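S.K.: this one's structure only:
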Ligand code: GRG
């Protein structure tokens, strides 16, 4: 009897294994260096769990491009460091003023505001240090391109710019265009950098890099739409962060502009289009395709 070969992609197993390897790499990326007060605060937020979506997107894009996933791990770690620093700073009293993150008290609640700011600063700069100085197997030319992508994603053309417009828009009428600008910059830019950097390290063709950019734009926007929906529909316990904050801060969100049903439909449409763009690479795209679905299917 011939036993059928199971070729179906086991996303749950993939996610479990990817998370395990990312957690190990994150743990190894920070020691208990002096000053220990600072390294403790950095480790507190970096090793607090989280979905690890950004590093996994980077590894999956590198794999799709046919690259060596291990070579992409330092950049994957750097991306999670930049993300974590943005969460620490976002939670500060001067920004979103939140007490809960990843199911634990926020960094400034535990260590105080000054240390939280410095822990964020140290994570951001450590991210660049790791890419520049601790990325064996990646060529200097590629490292330079990765650093360029990370700078654009984190700075005024990305996260910082998106956050600025987000803060300026609180309590104001915001149209769909501005909302999309906020989402694409505050959230989408770093998600894009994840797949682009993974693609660069995997030596992706220009055609694949463009497809990855389109994919990332779609999933980035969809990710934030689902975030807005979960803020309304999920509990703080499940989210690990304070639910219902957008309403309290009088923020314009997709559910506020379009309603919950149309917002979900928009996210699903964006994800379908993002997946379609990877059709020519379908044979090797299973992880990125499943990660796109995970974004709309997630409950936290
Ligand atoms: C990067 C220099 C620099 C400054 C940061 C504070 C700030 C400027 C930007 C805020 C960016 C921000 C917090 C955007 C929200 C993105 C978002 C939806 C975060 C939640 O991501 P998840 O759900 O979280 O992936 P986990 O905890 O699972 O990793």
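M.R.: On my side now, so go ahead. Predicted model, so just to flag it, every value in this text is computed and none were measured.

S.K.: which SSE is the spatially most central residue of the chain in?
M.R.: Centroid-nearest residue in the chain: residue 54, 3.9 Å away (criterion: Cα atoms, centre = their mean). Of the helices and strands defined by DSSP states H and E, residue 54 is found in helix 53-64.

S.K.: for residue 221, same thing?
M.R.: Once you assign secondary structure using DSSP H and E, residue 221 falls within helix 206-233.

S.K.: so what secondary structure elements neighbour that helix?
M.R.: Contacts defined by 3 or more Cβ pairs under 8 Å, 6 or more residues apart in numbering; DSSP states H and E place helix 206-233 against helix 53-64, helix 176-183, helix 189-201, helix 245-248, helix 254-258, helix 260-276, helix 286-297. For every residue, glycine as well, the C-beta is placed using N, CA and C.

S.K.: between these, which gets the lowest average pLDDT?
M.R.: When the helices and strands packed on helix 206-233 are compared by mean pLDDT, helix 245-248 comes last with a mean of 80.

S.K.: so for the ligand, which of the helices and strands packed on helix 206-233 sits nearest?
M.R.: Nearest to the ligand, of all these, is helix 53-64, at 5.0 Å by Cβ to the nearest ligand atom.

S.K.: the closest one - contacts with which helices or strands?
M.R.: Judged by 3+ Cβ pairs under 8 Å, 6+ apart, helix 53-64 is in contact with helix 11-29, helix 69-90, helix 189-201, helix 206-233, helix 286-297.

S.K.: just name the most buried of the ones you listed.
M.R.: For the helices and strands packed on helix 53-64, the largest average neighbour count (mean count of other Cβ atoms under 10 Å) is found in helix 189-201, namely a mean of 28.

S.K.: neighbours of the residue lying closest to residue 257 once chain neighbours are set aside, how many?
M.R.: Leaving aside its chain neighbours, residue 257 sits nearest to residue 176 (6.0 Å; criterion: Cβ to Cβ, 6 or more residues apart in numbering). For residue 176, the count of nearby residues is 12 (other Cβ atoms under 10 Å).

S.K.: the inter-axis angle of the helix holding residue 221 versus helix 53-64?
M.R.: 150 degrees (axes from the mean of the first three to the mean of the last three Cα atoms, to 10 degrees).

S.K.: how near is the closest residue to residue 251 other than its chain neighbours to residue 241?
M.R.: Using Cβ to Cβ, 6+ apart and skipping the chain neighbours, the partner closest in space to residue 251 is residue 170 (6.0 Å). Note on residue 170: its distance to residue 241, by Cβ to Cβ, to the nearest Å, is 18 Å.

S.K.: ok, residue 202 next?
M.R.: From residue 202 across to residue 241, the span is 33 Å (Cβ to Cβ).

S.K.: which parts of this structure sit against the ligand?
M.R.: 50-51, 53, 82, 85-87, 89-90, 95, 102, 124, 154, 159-160, 163, 186-187, 224, 227 (Cβ under 6 Å from any ligand atom).

S.K.: at 8 Å instead, please
M.R.: On the criterion Cβ under 8 Å from any ligand atom, the ligand has as its neighbours in the chain the residues 48-54, 80, 82-87, 89-90, 92, 95-96, 101-102, 120, 124, 154-155, 158-160, 162-163, 166, 186-187, 190, 223-224, 227, 240-241, 300.

S.K.: tally of neighbours for the residue of the stretch 101-250 of the chain found nearest the ligand?
M.R.: Of all residues in the stretch 101-250 of the chain, residue 163 sits closest to the ligand, at 3.6 Å by Cβ to the nearest ligand atom. Residue crowding around residue 163 was assessed by other Cβ under 10 Å; the count is 20.
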